[in-house]
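Asks: pasting a predicted model and its sequence here:
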Amino acid sequence: MLPATHFCLLLLAPFALPASAAGQLVVRGADWSYLDDGSDLGSAWISPFFDDSAWAVGPAQFGYGDGDEASVISFGPDPDNKHITTYFRHEFQLANAAAVQDLTLRVQRDDGVVVYLNGFEVWRDNMPTGLVDFLTPAAARIRGNSEDAFLEIALSPALLVNGSNVIAAEVHLFAGLSPDLSFNLELDDRTPAELVRGPYLQMVSQTTARLRWRSWTPQDSRVAFGSAPGQLGNQIDDPALVTDHEVELSGLLPDSVYYYSVGSSSAVLAGDDSSHLFRTAALPGSTDPLRFWVLGDSGFAGPNQRAVRDAYSAWNTSETDLILLLGDNAYYDGREEEYQLAFFNGYRGYLRQVPTLSTRGNHEKMESVYLDAFSLPSGAELGGVASGSELYYSADVGNVHLICLDSESGDPNPGSAMMSWLDADLAATDADWIIAVWHHPPYSRGSHDSDLEPNSIPMRTQVVPVLEAGGVDLVLSGHSHSYERSMLLDGHYGLSITFDPLQHALDSGDGDPAGNGAYQKHNGAHAGAVYVVSGSAALTGGGTLDHPAMVHSAGQLGSVVIDVVDRSLVLSFLRETGVVQDTFQILTSDAPPLLEISGLFAGGTATVRVSDNPAGATIFVAYSTTGAGPTTTLVGDVDLSPPLHRLGPYLADAQGLVSFPVNVPATTSGMQVWVQAVRLLGGGNGILSNGLAEVIQ
Amino acid sequence: MRSALHGLVPLWLGALLAACTLLSMANAALAHEGAHQQLARANARIAAEPGEAGLYLQRAVLYRLHRDFAAAATDLQRAALIDPDLATLDLERAQLAAAQQQWLDALGLLERYLEQQPQDATAWLLHGKTCFRLQRFEASASAYLRALESLERAEPEVYHRRARALEACSTRGLERALACAEGGLQDLGRCISLELLAVDYESRLGRVSAALQRLTRLSAGARRQESWRVRRGDVLWDNQRRGEAQLEYRAALEAIERLRPRTRATAAVVALQEHATQRLK
């Protein structure tokens, strides 16, 4: 965890999305006011002072008929005679209009459009020249891919003013019978020396970190870093003139906080303040607390994404060590502009402080910029075994070994490159925890059914057996836009109809310490894993949500938070409302508990102490006054003779300790007592402590 | 007023810098939806634009992925009727033929397509797979080489497949496969799957020292040694050096005993232990 001073700085960091991202005055997907009732507004509505407070508000893209709209608008009561004209207005703030030297407008329109900036027409497309009114049709029908195209034009920045600016647009159909309408718009300030993207952190190890950012114009790169803002005494320069900057810092100290700035040899573009900082990874074997924030299918910019993000910002009170992305980080195709809007703008405040690791989704195919956007550890830069691929890799984070697999295009057959690497990687790790991530869930009945999904089936039938044999503890996937999470499972590789809780569930409880109790993994060949689908960080929908292996299924927005403290892993599903809707805990331990008794005097109070447990473990203590057994019980042969007397259950504290007083009757002096403790594990198993044979004084 | 405003717009603004974002509708259709929703969406788009050949092609992809091959073929025929010159028509036809294991048909379509699109890495990959299934291993290896030349980023899997194809060639197959694995390592840097592939070829070529040296290098500094010991044992065993192999298997069993209980109990380690124990009998 960060020291208190750093912790305060983190809380003050500006996590919320600014009114417009760096360089972007109006982003695609921005909220607009709109009027879709077919009214004749005349010309007053284009004024920056027009009162549009009675208009509806929603995020772009607007339209109907294509299915890809963020806001579906009305075309009126008659589908054969749709409203010809729909009106849009958007206000944005500008602190220094004079500084904008290069302004670019991009518009998606179907069919025709006229755009106004601060009351002046700046562009029209596919509209007749001259006066247009609310019944003027577009000049031609827009078809096919042209419906989705963004047309680009350079605008004069002279129309911009300090403070409030208003951009307005009217979209016209070609005819009342037209099947669809689309509108989206972005306005970019491309003035040189402004940041387009970042800075954002990648591949932070114990001694290295990479900082990346994008500038509008080619520049050289400079990163300065140090122990406090204003004291950035270290500097790394790269003279190459580039727009995509990537600088590796090396020679860092483990588990240390660094502040930084990025820019060029001539200007600092960002940083040297309290919000640009990161912490290097702890040394191997560290059991310091870890927190991972897991975002699945987060790639739709808009109010849902913001609500999920802001709920975490409000709820989280500790340092986030890693953001884990489960794929589909930018809809629809993971292209540049989609990544800019949905990922780099959407999570900007986090990305400069917290490193990310990601798996590829089905919306990040070959044409996606996915591999350009991230620096991923194909060469075992963060631990693990080198895969030679950024599509599948591993990383050690504290006492967690993360395995990222490619369910989109990776070959799951034995002997393939990915599976050969996976075998070697599992054989190399001795971390306390193994967490695997990929996009297509092995078990789901959300918006995708894992019985039918072509990419889910081989992951379940061919990859899950390998992971279970290697001791995986937790598997995270997205793809279905829901939250679903399983019991403690093992050996379920078939269709959902073949799921048998007696055969496949090692613990069919809810795993909630406040419910049925934590899942406790014993040391065995198949000790079980929990499978989580978390694909609702920006959108929800679909499916019956009734997979029989699941304990909890919810078609609701949210993200997942994982807290690892030594041998305890707690996973929480945090709704966009800020409510934790589901929690479970997994406990593991190698060592048997240690039983000790002190103060065993007749008429006194003895203290029973059971240590070497995972935090939260469930402990029973049994004793006998007749002998040292052995007696066969459900948890093994105990060193006690019947009848057995039981004390507990007790929950181990954060240090793994159970300690409680026992009143010893005054009449027991000289009596012998045999005592043994057991720590309960999942599936009715347990680990026995040492046995004690004591004489009461 | 509108016309007056329009008069303020410079004429040069009419010269648009068209930046067409060619959103792939196929990918959009494969969005966040189940199979039925994806198809329903594709159907709706075709209903709205029945004359767009590309939409039928995109729906054919959906049908193929969900193994409705007859419907996919019908859509491809429709697409061809509307626009016989549609660029990726032959590639999708080849994909459909390959999905039905009609490898000869796939090969013909691919060869026709690749004459027009010789830089299409996806097509070369499918060509390599098709030739392999037809046991035309030299052609398969050549196709994978073309794929590697066309790919912006080479993946280890392509080297694996090319090596498998070379391995099956009658002339110096193992040597060429080993060279392929080495070439992949030169291109990609550290990559355990190619290293292990190279160990396998070195072992099968009888180059025991090279294989053992590679394993020594790979296992240097590894916290867990048991799997490396077993690999060394297997190389020696397969090359009839059974005494030395058994020393390695014993070392593996000792390494397993030193593992923490949780790791030692995993099924993968238990299987390794059984393998080593069996070889000591």
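Replies: Received the coordinates, thanks. Numbers count the residues shown, from 1 in each chain, chains lettered A, B, ... in the order given.

Asks: grab the nearest non-local neighbour of residue 133.
Replies: Chain wasn't specified; assuming chain A. In space, and not counting its chain neighbours, A:Asp133 is closest to A:Asp40: 6.8 Å by CB to CB, 6 or more residues apart in numbering or on different chains. C-beta here means a position set from N, CA and C on the backbone, and glycine is covered the same way.

Asks: not quite, go with chain B.
Replies: B:Trp103 (4.7 Å).

Asks: how much space between that neighbour and B:Gly221?
Replies: 46 Å (CB to CB, to the nearest Å).

Asks: the stretch 501-650 of chain A against chain B: which residues are in contact?
Replies: Residues of the stretch 501-650 of chain A lying near chain B by CB under 8 Å from any CB of the partner chain: A:523-527, A:535, A:539, A:541-543, A:588, A:590-591.

Asks: quick one: the helices in chain A?
Replies: A:4-12, A:303-315, A:336-339, A:348-351, A:370-373, A:417-426, A:456-458, A:464-470, A:501-504 (DSSP state H).

Asks: which one's more surrounded, B:Trp103 and B:Gly221?
Replies: B:Trp103 (19 against 5; other CB atoms under 10 Å in any protein chain shown).

Asks: circling back: just the buried residues out of the residues of the stretch 501-650 of chain A next to chain B, in PyMOL syntax.
Replies: Applying 16 or more other CB atoms under 10 Å in any protein chain shown to those, the buried members can be selected in PyMOL as follows:
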select buried, chain A and resi 523+524+526+527+535+539+542+543+588+590+591
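
Asks: pipe the residues of the stretch 501-650 of chain A next to chain B into TSV and attach pLDDT and distance to A:Gly470 per row.
Replies: Conversion of these to TSV gives the following (pLDDT from 0 to 100; distance: CB to CB, whole Å):
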residue	pLDDT	distance to A:Gly470
A:Asn523	72	14
A:Gly524	76	13
A:Ala525	81	11
A:His526	87	11
A:Ala527	90	11
A:Gly535	97	25
A:Leu539	93	33
A:Gly541	85	34
A:Gly542	84	32
A:Gly543	91	30
A:Thr588	85	14
A:Asp590	65	16
A:Ala591	67	21
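
Asks: so where's the chain uncertain?
Replies: The chain I'm using is chain A. A:1-22, A:191-193, A:589-591, A:681-685 (pLDDT under 70).

Asks: meant chain B, my bad for not saying
Replies: In chain B (pLDDT under 70), the answer is B:1-35.

Asks: quick check: the residue of it nearest chain A.
Replies: Chain B approaches chain A most closely through B:Cys191 (2.6 Å), counting by CB to the nearest CB.

Asks: wouldn't that residue be in contact with B:Gly184 here?
Replies: Yes: taking contacts as CB atoms under 8 Å, B:Cys191 lies within contact range of B:Gly184: 6.7 Å.

Asks: what sits in contact with each of those two?
Replies: Each of A:Gly388, B:Pro156 lies in contact with both B:Cys191 and B:Gly184 under the rule CB atoms under 8 Å, 6 or more residues apart in numbering or on different chains.

Asks: list the contacts for the nearest residue to A:Asp102 once chain neighbours are set aside?
Replies: Leaving aside its chain neighbours, A:Asp102 sits nearest to A:Arg190 (4.1 Å; criterion: CB to CB, 6+ apart). Under the criterion of CB under 8 Å, 6+ apart, the neighbours of A:Arg190 are A:Gly23, A:Asp102, A:Leu103, A:Thr104, A:Trp216.

Asks: determine the number of other residues adjacent to A:Thr359.
Replies: Residues near A:Thr359, counting by other CB under 10 Å: 32.

Asks: tell me the contacts of it?
Replies: A:Leu325, A:Leu326, A:Gly327, A:Cys404, A:Leu405, A:Asp406, A:Ser407, A:Val437, A:Trp438, A:His439.

Asks: got the buried residues for stretch A:81-91?
Replies: A:Lys82, A:His83, A:Ile84, A:Thr85, A:Thr86, A:Tyr87, A:Phe88, A:Arg89, A:His90, A:Glu91.

Asks: picking that back up, could you dump the contacts of A:Thr359 into TSV and include distance to A:Ser389?
Replies: Shown next, in TSV, are the contacts of A:Thr359 (distance: CB to CB, whole Å):
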residue	distance to A:Ser389
A:Leu325	17
A:Leu326	18
A:Gly327	15
A:Cys404	10
A:Leu405	10
A:Asp406	8
A:Ser407	14
A:Val437	15
A:Trp438	13
A:His439	15
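
Asks: looking at these, which is nearest A:Pro661?
Replies: A:Val437 (45.7 Å; CB to CB).

Asks: re earlier: inside strands: which ones of the residues of the stretch 501-650 of chain A next to chain B?
Replies: A:Thr588 (DSSP state E).
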